[in-house]
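> let me see the structure of the following:
(one chain, ligands or ions: 3)
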Amino acid sequence: MSKKVLVLPGDGIGPEIVAEAVKVLNKVNESFSLGLELEEGLVGGAGYDAAGTPLPAETLEKALAADAILLGAVGGPKWDKLEDRALRPEQGLLGIRKNLELFGNLRPAILYPQLAEASTLKAEVVSGLDILIVRELTGGIYFGKPRGIRTLENGDREGYNTYVYNETEIRRIGRVAFESAMKRNKKLCSVDKANVLEVTVLWREIMEELAPEYPEVELSHMYVDNAAMQLVRAPKQFDVIVTGNMFGDILSDAAAMLTGSIGMLPSASLDKNNKGMYEPCHGSAPDIAGKGIANPLATILSVAMMLRYTFGEGAAADAIEAAVSKVLDQGLRTGDIYSEGMTRVGTAEMGDAVLAAL
Ligand SMILES: NC(=O)C1=CN([C@@H]2O[C@H](COP(=O)(O)OP(=O)(O)OC[C@H]3O[C@@H](n4cnc5c(N)ncnc54)[C@H](O)[C@@H]3O)[C@@H](O)[C@H]2O)C=CC1
Ligand SMILES: CC(C)CC(=O)C(=O)O
Ligand SMILES: [Mg+2]
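Ligands and ions are numbered 1, 2, ... in the order given. Next comes the predicted model:
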């Protein structure tokens, strides 16, 4: 069986954090004899600069041929002035997600006990936090048509997007969420805005329709505004959350802070066969790019998810997660998770420490 990994560093801090994750991947590849073959590609602003498009044909070809993709992040101010939005770096990322049908986005928010001080919430509210946000990733308002900016007859300009989901899309992400809940604490909260948006009335109906197939799972529903509040009030009431593309994007950034930093949140974006793209939940962080201070742990933990979900290499994944825990035990902290008395380290030092802990 081929085991190809495509590495797409992208923009901003992307290349810095991916370099550390690749060191870790190479190390476990060797020590666990995983037989992975790595190759690199260009995406996002890097793709645009080299080939005039955020998703060069060669990158898409490599992505389709790969079993897994490791991505850093895309985008940044350098490309913000592009008038044609189809050429923005983010479209390269969305293009991969759509072309590869990576509809199932798993975003675990886990608080490492060593980081209780770094969480925005009090220790008693977050200790032991381990929740999973299941976000639909290839539909909803990020992809719905029509979309654009048009000029009306009166000369006013109008921006518009379409929030649409068909039942097939809802059912398949619903199944991912129910299956995840079955493997965890059998508690699933579906987040929507069914008091206002018909698309989420259908979302709620389909979740209810699926529920009898998973009688052990306790299904509840919550409006997204309340869910945002509950996440920062009492996050441990949740186990698995399932929601649409945009709500999941927003809620997962909020959940990140419960774990200390967005630099701690990994993700898996899976197709129906568990082929996947793995990336940190954060963006290209232009404000700290090039300074060597970004936290590489979300990307390193994304490698662990890749080994577990796509390659079924649980032991290698466990080893990476244990190594991350060990460096936190050693008191090493990048700036985003720093608290008094700890040792402040840069991106490469953190990566090297994980490598040594392996
Ligand atoms: N998956 C992707 O490639 C994503 C790309 N973006 C793009 O990234 C660019 C910047 O977007 P922002 O809204 O600023 O979000 P961002 O996630 O890049 O940054 C938000 C804040 O978090 C900090 N941060 C993020 N990752 C960090 C890390 N690993 N270590 C330490 N601090 C970290 C940043 O320094 C910044 O203060 C934009 O072009 C945006 O479109 C945004 C989100 C996801
Ligand atoms: C292009 C965006 C949808 C990326 C993002 O913010 C995310 O996936 O979390
Ligand atoms: Mg996001």
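> so the closest residue to Ser180 other than its chain neighbours bridges to which residues?
In space, and not counting its chain neighbours, Ser180 is closest to Val240: 5.2 Å by Cβ to Cβ, 6 or more residues apart in numbering. Yep, even glycine has a C-beta here, placed from its N, CA and C like the rest. Per DSSP bridges, the residues bridged to Val240 are Leu132, Leu188.
> I'd say Val240 and Val191 touch.
No. Checked against Cβ atoms under 8 Å, the pair Val240 and Val191 is beyond contact range at 10.8 Å.
> doesn't Arg150 lie inside a helix?
No. Assigned with DSSP: H, G, I helix; E, B strand; the rest coil, Arg150 falls outside any helix and is strand.
> what's it in contact with, if anything?
Contacts of Arg150 were listed using Cβ atoms under 8 Å, 6 or more residues apart in numbering, and they are Arg157, Glu158, Tyr160.
> burial count for the nearest residue to Asp336 once chain neighbours are set aside?
Distances taken as Cβ to Cβ, 6+ apart place Ser261 nearest to Asp336, at 4.0 Å, with adjacent residues excluded. By the measure other Cβ atoms under 10 Å, the count of residues near Ser261 is 22.
> need the contact partners of the one helix or strand Ser269 maps to.
Using DSSP states H and E, Ser269 sits within strand 268-270. Residues from elsewhere that reach strand 268-270 (Cβ under 8 Å, 6+ apart): 97, 102-106, 137, 176, 276-279, 302, 305-306, 309-310.
> from the contacts of Arg150, which land in helices?
Judged by DSSP state H, these include no members of helices.
> for the closest residue to ligand 2 within the stretch 1-150 of the chain, give me its contacts.
Proximity of the stretch 1-150 of the chain to ligand 2 (Cβ to the nearest ligand atom) peaks at Glu90, 3.9 Å away. For Glu90, the contact set (Cβ under 8 Å, 6+ apart) comprises Gly44, Pro54, Val74, Gly75.
> among the residues you listed, which ones lie close to ligand 1?
Val74, Gly75 (Cβ under 6 Å from any ligand atom).
> quick one, domains of this protein?
1-107+264-358, 130-258 (automatic domain parsing).
> any chance of those in CSV, plus mean pLDDT?
Output for the domains of the chain, formatted as CSV (pLDDT from 0 to 100):
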stretch, mean pLDDT
domain 1-107+264-358, 97
domain 130-258, 98
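> figure out which of those domains is closest to Lys122.
domain 130-258 (10.9 Å; Cβ to Cβ).
> the nearest residue to Leu25 once chain neighbours are set aside: neighbouring residues, count only.
Nearest non-adjacent residue to Leu25, counting by Cβ to Cβ, 6+ apart: Val303, 5.0 Å away. Val303: 26 surrounding residues under other Cβ under 10 Å.
> for the helix or strand harbouring Val303, name the packing helices and strands.
Taking DSSP H and E as the criterion, Val303 maps to helix 297-309. Counting contacts by 3 or more Cβ pairs under 8 Å, 6 or more residues apart in numbering; DSSP states H and E, helix 297-309 is packed against helix 14-31, strand 68-73, strand 104-110, strand 268-270, strand 276-278, helix 314-329, helix 347-357.
> who touches the residue nearest to Ser180 in this structure?
By Cβ under 8 Å, 6+ apart, the neighbours of Val240 are Ile131, Leu132, Ile133, Val134, Ala177, Ser180, Ala181, Arg184, Asn185, Lys187, Leu188, Cys189.
> so how far is stretch 348-357 from its chain's centroid?
Centroid displacement of stretch 348-357 relative to its chain, using Cα atoms, centre = their mean, to the nearest Å, is 22 Å.
> Phe225 - how many residues pack around it?
Careful, residue 225 is Asp; it's not Phe. 12.
> quick one, phi psi at the residue lying closest to it once chain neighbours are set aside?
Among residues not flanking Asp225 along the chain, Lys193 sits closest, at 7.7 Å (Cβ to Cβ, 6+ apart). Per-residue torsions, Lys193: phi -140, psi 60 (degrees, to the nearest 10).
> show me which residues of the stretch 151-300 of the chain sit near ligand 1.
262-263, 279, 282-288, 294-295, 298.
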